[in-house]
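**Student:** Give me coordinates for this.
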Amino acid sequence: MWRPVALLLLLLAPLPAFAVETMRIAMGDSHGQVRVAGSALSFGPDTEDARFSPLAQDSVVVRRRGARLELNGAPVIGNAVRFRAGQDSEVPGSSPLRAGDMQVRGDVVVRLYKDGLQLINVIPLEDYLAAVLGSEMPVSFPLEALKAQAVAARTYALQKKLETYGSPFHMGSSVLHQVYGGLNREDARTRSAVEATRGEVLTYELAPIEAYFHASCGGRTESGQDALGRNLPYLQAVDCPCGRLPASRWSATLSNSELHSALGQSTEGFRVSSRTDTHRVNRIATASGLSVDGVTLRRKLGYTKLKSLGFDVERTSSGWHFNGRGYGHGAGLCQWGAKALADEGLAYRDILQHYYPGTELQQLY
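**Tutor:** Now for the predicted structure:
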């Protein structure tokens, strides 16, 4: 148990000027081979103090041969190889790399994984955040909203790093964690927001919080218990101005066959049987006795089709019509709400306090 505690203390202590906080992000998997490219390419073992050896070319192919790796046909010792672009003395992240279909800053690790290969981007946290912002929030949003998102994303990342201590990677790159599109998702405005909040994290009782966020809550956020099954004191239902925005409204029509396929049985008597305090769907029921929680229903129907659990549903001649509000699970920072609050003149610190009540904003480095 001492290791996570020690790491927590390390994260909450100011970093020395030369240190760089990094994240390990799973970029995806490859069946049997992957091409890695970058200027002045070098390679080494997957360790933080690795010595990198230069390659005589700017593009290499890593293949899996049974239970070993090959680099341009030559065997590699160990189950992983790490690549870096630029000179070994440069700060990681200064030169981009391309691996598979993504271009990223930092280092790229190719490791044996299941029956194929896994790609991991080892990237300085602040570089990672600049790309996350460009993937998670419209770059046209007010700077104070982007700053609030930067702090939330940084906090979320560090909390996941603590949670996955000792694992090959800390997070994935999809909507299941934080959407990360690599170098192409950076923007001058995302860079500015990240730099303006550099090293700032939200804490509760001295620990980084689980800083969940979503696109739109539809007028009131959801508690962590109802949205995520996480009874966290700083994830409470609060009023939000996004309910006035057209972006918070949606509708969808599903046929009987689509709903039947998702439920696995007849849709006869399909109805909402209970709701949360914010009027989101808690459970649905059918005449045959089936009872399904709202989170499971949304997952089975698809997150883009059933955008939230804040909906009413009625039977129509063509199937079932859903009228809804919000997009996402509804807990924590509401991105469209943050935009509305920033438009009203609130600073990012006030926006964060609104959506994460009881937390403290601390300077980590």
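**Student:** Just give me the longest helix of the chain.
**Tutor:** Assignment by DSSP state H gives helix 143-163 as the longest helix of the chain.
**Student:** Give me the buried positions along the host helix or strand of His354.
**Tutor:** Using DSSP states H and E, His354 falls within helix 348-355. Using 16 or more other C-beta atoms under 10 Å as the test for burial, helix 348-355 gives Tyr348, Ile351, Leu352, Gln353, His354, Tyr355. C-beta coordinates here come from the backbone N, C-alpha and C atoms, glycine included.
**Student:** Could you give the separation of the host helix or strand of Met23 from the chain centroid?
**Tutor:** Assigned by DSSP H and E, Met23 falls within strand 22-30. The chain centre lies 12 Å from the centre of strand 22-30; the measure is C-alpha atoms, centre = their mean, to the nearest Å.
**Student:** Next SSE downstream of that strand?
**Tutor:** Counting by DSSP H and E, what follows strand 22-30 is strand 33-37.
**Student:** Let me know the angle separating that next one from strand 22-30.
**Tutor:** Interaxial angle of strand 33-37 relative to strand 22-30 (axes from the mean of the first three to the mean of the last three C-alpha atoms, to 10 degrees): 130 degrees.
**Student:** Give me the distance from strand 33-37 to the chain's centre.
**Tutor:** The mean C-alpha position of strand 33-37 is separated from the chain mean by 25 Å, C-alpha atoms, centre = their mean.
**Student:** packing partners for that strand?
**Tutor:** strand 59-65, strand 97-99, strand 107-113, strand 116-124 (3 or more C-beta pairs under 8 Å, 6 or more residues apart in numbering; DSSP states H and E).
**Student:** Give me the contacts around that strand.
**Tutor:** 58-64, 83, 97-100, 108, 110, 117, 119 (C-beta atoms under 8 Å, 6 or more residues apart in numbering).
**Student:** With Ala215 as the reference, measure out to Ser53.
**Tutor:** Relative to Ala215, Ser53 is positioned 45 Å away (C-beta to C-beta, to the nearest Å).
**Student:** Name the residue in the two with the higher neighbour count.
**Tutor:** Ala215 (20 against 9; other C-beta atoms under 10 Å).
**Student:** Going along the chain, name the strands of the stretch 201-350 of the chain.
**Tutor:** If DSSP state E, counting those that start in this stretch is used as the criterion, the strands of the stretch 201-350 of the chain fall at 207-208, 213-214, 249-254, 271-275, 281-285, 291-293, 311-316, 319-325, 333-334.
**Student:** looking at those, which is closest to Thr304?
**Tutor:** The closest of the strands of the stretch 201-350 of the chain to Thr304 is strand 249-254. By C-beta to C-beta, the value is 9.4 Å.
**Student:** Could you spell out the sheet neighbours of the closest one, each with its direction?
**Tutor:** Strand 249-254 has the following strand partners under DSSP bridges: strand 319-325 (antiparallel).
**Student:** Strand 281-285 and the partner strand, what's the angle between them?
**Tutor:** 170 degrees.
**Student:** Pretty sure Trp336 sits against Cys242.
**Tutor:** Yes - counting by C-beta atoms under 8 Å, Trp336 touches Cys242, with 4.1 Å between them.
**Student:** Go through stretch 112-131 and flag the buried ones.
**Tutor:** 112-113, 117-131.
**Student:** what mean pLDDT does that stretch have?
**Tutor:** In this model, stretch 112-131 carries a mean pLDDT of 94.
**Student:** Output that stretch as PDB - backbone C-alpha positions only.
**Tutor:** The C-alpha coordinates for stretch 112-131 follow below in PDB (Å, rounded to 0.1, in the frame of the first residue of the first chain):
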ATOM      1  CA  LEU A 112       4.000  -7.200 -27.100                       C
ATOM      2  CA  TYR A 113       0.300  -7.300 -26.200                       C
ATOM      3  CA  LYS A 114      -2.000 -10.300 -26.500                       C
ATOM      4  CA  ASP A 115      -1.600 -11.700 -30.000                       C
ATOM      5  CA  GLY A 116      -0.300  -8.500 -31.500                       C
ATOM      6  CA  LEU A 117       1.300  -5.100 -30.600                       C
ATOM      7  CA  GLN A 118       0.200  -2.200 -28.500                       C
ATOM      8  CA  LEU A 119       1.300   1.400 -29.000                       C
ATOM      9  CA  ILE A 120       1.800   3.700 -26.000                       C
ATOM     10  CA  ASN A 121       2.600   7.400 -26.200                       C
ATOM     11  CA  VAL A 122       4.800   8.600 -23.300                       C
ATOM     12  CA  ILE A 123       4.200  12.300 -23.400                       C
ATOM     13  CA  PRO A 124       4.700  15.300 -21.100                       C
ATOM     14  CA  LEU A 125       1.500  16.000 -19.400                       C
ATOM     15  CA  GLU A 126       1.200  19.700 -20.600                       C
ATOM     16  CA  ASP A 127       1.700  18.600 -24.200                       C
ATOM     17  CA  TYR A 128      -0.900  15.900 -23.800                       C
ATOM     18  CA  LEU A 129      -3.400  18.400 -22.400                       C
ATOM     19  CA  ALA A 130      -3.100  20.700 -25.400                       C
ATOM     20  CA  ALA A 131      -4.200  17.900 -27.600                       C
END
